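Chemist: Curious how this folds, go ahead:
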Amino acid sequence: RPRRLDVDDLDGEVGRHLAGHREASPRRDRPHVDAVFPQPAEEPHRRLAGSPALGQRRLSQDDEGAHATRRIVTDPAAKVPGVPDPALSVVMCTLGDARVSETVATVAKSARAAGSAVEQFVIWQSRSSPPDLDGAVRLDVFPAGLAHARNRGLLAARAPLVAFVDDDEVVDAKWVAAIVEGFEHPEAPAAVFGPIAPRDDRGLPYCRYDGGGTFRVIRPGTPPWRVGTGGNMAFRRDALLDVGGFDPLFGLGSVSRSAEETELIQRLLESGRSLAWSPDVVVYHPTKTEAERLRSRFPYAYGLGKVM
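Modeler: Next up is the predicted model:
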């Protein structure tokens, strides 16, 4: 069984995982690994980054209360009584890419266009100084993988809907409204995914984008890789917590290198939940050169193999 790591052991253990020197046990035979441990209520000011990064259980509703008193707030408006609860929380994880400020700005613009209260979290995993985040909440987190970072954003979120986008993307002006509308569908999907369009015309699209299409409901039995991608996805927060959040043994920076969203999609479908894809939930991602796309194929294939 995996042992619980002390904080002092974390750096070396993560390094061994990232170097691929240790093989994970078969997916079906191991529990999901929780990136967050609850902290005593009498330690409200302890930094999130000081918590152990690996444990032997899933995220759960119990974690919400454990972390409620330890949110790092940098948005002055969030401290003012009477500010309405957000309809949507948006999480962006970054290893220090300054372009995340552009992501924050476009999410805020989309929220204003929709007339919706939206809170934003930038999961900052770098020693460098962050750019101006225009009122977004910054969480300083140890860089223990993308799934670990996304779990931290999930636990900090207050809204019933939580969306995740990449730190080099910008969102469409109608993105927030389309997400909210997608969750209002009669099928009540547990998640809504959308297309990723090219942000520029210098290279190859990040992924296939044809434009257009119709809203579709995705039911259990659908292969998870046909549902959507991690660069543009939103979930009902309760559903995401119920299935255990993201598995930190998947995703960028983990032993599996990728596929944290595919593994999560599979668990959601296996739980009997329906998901959805909306052509109106559009984000824009920088294009890739042919060499960059080729280099990305192995990690994606390796992670998908781990899921299967």
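
Chemist: Validate this expectation: Ser89 resides in a strand.
Modeler: Yes - when DSSP: H, G, I helix; E, B strand; the rest coil is applied, Ser89 is found to be in a strand.

Chemist: Okay, it and Glu119: tell me how far apart.
Modeler: Ser89 sits 5 Å away from Glu119, going by Cβ to Cβ, to the nearest Å. Every C-beta, even on glycine, is put in place using the N, C-alpha and C of the backbone.

Chemist: and what of Phe215?
Modeler: 26 Å.

Chemist: cool, Gly96 as well?
Modeler: 22 Å.

Chemist: neighbours around Val100, how many?
Modeler: The tally of other residues near Val100 (other Cβ atoms under 10 Å) stands at 27.

Chemist: Tell me the pLDDT of the closest residue in space to it that isn't next to it in sequence.
Modeler: Distance criterion Cβ to Cβ, 6 or more residues apart in numbering; nearest residue to Val100, sequence neighbours excluded, is Asp167 at 4.1 Å. Per-residue confidence for Asp167 comes out at a pLDDT of 97.

Chemist: you'd agree Asp167 is up against Asp97?
Modeler: Yes - in this structure Asp167 lies within contact range of Asp97 using Cβ atoms under 8 Å: 4.7 Å.

Chemist: Looking at the two, which one has more neighbours?
Modeler: Taking other Cβ under 10 Å, Asp167 and Asp97 do not tie; Asp167 has more neighbours (21 against 17).

Chemist: what are the ranges of the strands in the stretch 201-308 of the chain?
Modeler: Ranges of strands within the stretch 201-308 of the chain are 216-218, 232-236, 275-277, 283-285, based on DSSP state E, counting those that start in this stretch.

Chemist: Could you export these to CSV, including columns for distance to Gly153, mean pLDDT and mean neighbour count?
Modeler: Below are the strands of the stretch 201-308 of the chain laid out as CSV (distance: least, Cβ to Cβ, whole Å; pLDDT from 0 to 100; neighbours: other Cβ atoms under 10 Å):
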stretch, distance to Gly153, mean pLDDT, mean neighbour count
strand 216-218, 24, 97, 16
strand 232-236, 11, 98, 26
strand 275-277, 20, 98, 23
strand 283-285, 17, 96, 23
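
Chemist: among those, which is nearest Ser110?
Modeler: Taking Cβ to Cβ, strand 283-285 is the member of these nearest to Ser110, at 10.0 Å.

Chemist: Residues touching the closest one, excluding its own?
Modeler: With Cβ atoms under 8 Å, 6 or more residues apart in numbering as the test, strand 283-285 has contacts from 165-166, 168-172, 175, 194-199, 205-207, 231-232.

Chemist: what's the answer for stretch 84-91, then?
Modeler: Contact with stretch 84-91 is made by 107, 111, 116-121, 123, 150, 153-154, 156-165, 176, 179-180, 234, 237, as judged by Cβ under 8 Å, 6+ apart.

Chemist: Ok, which of the strands of the stretch 201-308 of the chain comes nearest Thr262?
Modeler: Nearest of the strands of the stretch 201-308 of the chain (Cβ to Cβ): strand 232-236, 11.0 Å.

Chemist: So what are the sheet partners of that closest one and their directions?
Modeler: The pairing partners recorded for strand 232-236 under DSSP bridges are strand 161-166 (antiparallel), strand 191-193 (antiparallel).

Chemist: so can I have a markdown table of those showing distance to Pro299?
Modeler: Compiled in a markdown table, those are given as follows (distance: least, Cβ to Cβ, whole Å):
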| stretch | distance to Pro299 |
| --- | --- |
| strand 161-166 | 15 |
| strand 191-193 | 20 |
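
Chemist: JSON lines please, covering those strands and showing mean neighbour count and distance to Pro224.
Modeler: Output for the strands paired with strand 232-236, formatted as JSON lines (neighbours: other Cβ atoms under 10 Å; distance: least, Cβ to Cβ, whole Å):
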{"stretch": "strand 161-166", "mean neighbour count": "26", "distance to Pro224": "16"}
{"stretch": "strand 191-193", "mean neighbour count": "27", "distance to Pro224": "11"}
